[in-house]
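Chemist: Please work out how this folds:
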Amino acid sequence: TTSAPRYIQLTECTMNLSFSTTVILFFLGSAYSFSPQIPPNHHRSLQSTATKNLPTAPSLTSPNKPLTLLHSSKEEKEETKAPKNAPRHDVRSDGAAQEMDPEEMKIQAAFAEHQQNAPKLDFATSVRTLVQYNHGFAVMSTNSKSNPGYPGGSVVGFAPDAEGKPIFVFSGMSSHTQDILADPKCSVTIASKEFKGAADGRVNLMGKVKLIPAEEREALKEVYLAKHPGAFWVNFGDFNWFRMDEIEDIRFVGGFARAGNVTPKDYFAASPDEISSFGMHVANHMNEDHMESTIAMIGNQIPGLDVSEALITSVDSLGMYVKVTRTPRASDQPQQFKLRLPFPRKAEDRKAVKGIIMEMTNAAATAASKED
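Modeler: Numbers count the residues shown, from 1 in each chain. Here you go, the predicted model:
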């Protein structure tokens, strides 16, 4: 036997983890979210080296050796034994493997298939939307002028212009101002407005931040003040206007198994999802007054997936992301994870969103009454 690959590679069409293995690992593990995504054609393959040094299971399809189920010699046993101090997950089963309930396996398989096929915004639109409908703050990483060779990090205010390029207003005394005047190369990391943890979206823009010509600043004041109404310093003479004019690369993480790169060309060609601009208002209303409807909609779309809590974390034109709490069959340990609850069709405006949610709620109620 040979060792399995030491990385998980997400490509345009496949995952190296098998479908069934992904399902079982998710529900037995401590993953916070599960939102499989096949990246669009423009995404480059990613390699995660998080498991680089972990012991790996033997491959069942080795091109170099025939399959052997029993070791024929002491030497072979020693060869496959992991080093004493090798890094590993501290997971103990007391020497016995637990069998999963057959019904639970069916539920998990149905859930994974539903999530794989649930419509989602494409990566470029997701990134453009995240940057546009944001709280207006980001982490800027610069090449430190005062400590050469080290990165500098600052939380900064920003506002995107019509093309999605972040604009900034910095004091001349700020260290990041001095850094980018010496070296305009930097990166800006922006988290989604509803960011609470690793299951939520974030994006990193890498490029060059440069001074904005004086003749353009007056027009951009309105843009910046719309995002930061109390930014009285925009009129101070010792504050400087900057913009990330050249975006070289974009890295996006939307949650578990949803990560990739977006080209600047695709980013600039994308438009923000308009429903997302007021989506959190819809989410808050549903969470405060109609959580039972959200739970019913989930049960209707994924039969058998009974959840005790369902909090909508975002709403876009194609559906909703929901953080749910569920206790698997034959278990007393509740799990929390995020799932995708798609709309039956694309919503074009606020009225359409309301109508679609009512339609989904009625469909769930009708299905439940038939079961009774």
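Chemist: Excluding sequence neighbours, find me the nearest residue to Ala110.
Modeler: Once flanking residues are discounted, Ala110 sits nearest to Ile302: 6.0 Å by Cβ to Cβ, 6 or more residues apart in numbering. (C-beta placed from N, C-alpha, C; glycine too.)
Chemist: doesn't His114 make contact with the one you found?
Modeler: Yes: counting by Cβ atoms under 8 Å, Ile302 touches His114, with 5.1 Å between them.
Chemist: where along this structure do the helices fall?
Modeler: All helices of the chain, identified by DSSP state H, fall at 19-28, 74-80, 102-117, 123-132, 175-182, 214-227, 264-269, 279-289, 291-301, 350-371.
Chemist: Deepest-packed of the ones you listed, please.
Modeler: Among the helices of the chain, judged by mean count of other Cβ atoms under 10 Å, the one packed with the most neighbours on average is helix 123-132 (a mean of 24).
Chemist: quick one, it and helix 214-227 angle?
Modeler: With axes from the mean of the first three to the mean of the last three Cα atoms, to 10 degrees applied, the angle from helix 123-132 to helix 214-227 works out at 80 degrees.
Chemist: rewinding a little: nearest to Glu246, of the helices of the chain?
Modeler: In this view, these are compared for proximity to Glu246 by Cβ to Cβ, and helix 264-269 is the closest at 8.5 Å.
Chemist: one step back: tally up the residues packed near the residue nearest to Ala110, please.
Modeler: Counted by other Cβ atoms under 10 Å, the residues lying close to Ile302 total 20.
Chemist: what about it, distance to Ala367?
Modeler: Applying Cβ to Cβ, to the nearest Å, one obtains 12 Å for the distance of Ile302 from Ala367.
Chemist: re earlier: got the contact list for the residue nearest to Ala110?
Modeler: Counting by Cβ atoms under 8 Å, 6 or more residues apart in numbering, Ile302 touches 107, 110-111, 114, 339.
Chemist: Looking at this protein, which strand is longest?
Modeler: Across the chain, the strand with the greatest residue count (assigned by DSSP state E) is strand 239-255.
Chemist: What strands line up against that strand, and which way round?
Modeler: With DSSP bridges as the criterion, the sheet partners recorded for strand 239-255 are strand 166-171 (antiparallel), strand 202-211 (antiparallel), strand 258-262 (antiparallel).
Chemist: Please state the backbone phi and psi of the residue nearest to Ala110?
Modeler: Here the main-chain torsion angles of Ile302 (degrees, to the nearest 10) amount to phi -130, psi 80.
Chemist: Ok, Pro334 next?
Modeler: Dihedral angles for Pro334 - degrees, to the nearest 10 - are phi -70, psi 150.
Chemist: so it touches Thr327, yeah?
Modeler: Yes: contact status for Pro334 versus Thr327: in contact at 4.6 Å, counting by Cβ under 8 Å.
Chemist: shared neighbours, those two?
Modeler: Residues within reach of Pro334 and of Thr327 at once, by Cβ under 8 Å, 6+ apart, are Ser308.
Chemist: how near is the residue nearest to His290 when sequence neighbours are not counted to Met286?
Modeler: Excluding the flanking residues, the one nearest His290 by Cβ to Cβ, 6+ apart is Thr361, at 7.7 Å. Relative to Met286, Thr361 is positioned 10 Å away (Cβ to Cβ).
Chemist: which residues are common contacts for those two?
Modeler: Common neighbours of Thr361 and Met286 (Cβ under 8 Å, 6+ apart) are Ser293.
Chemist: Pull the contacting residues for Asn204.
Modeler: 187-190, 250-252.
Chemist: Distance of it relative to Gly260?
Modeler: Distance from Asn204 to Gly260, by Cβ to Cβ: 12 Å.
Chemist: ok, now Gly207?
Modeler: According to Cβ to Cβ, Gly207 and Gly260 sit 18 Å apart.
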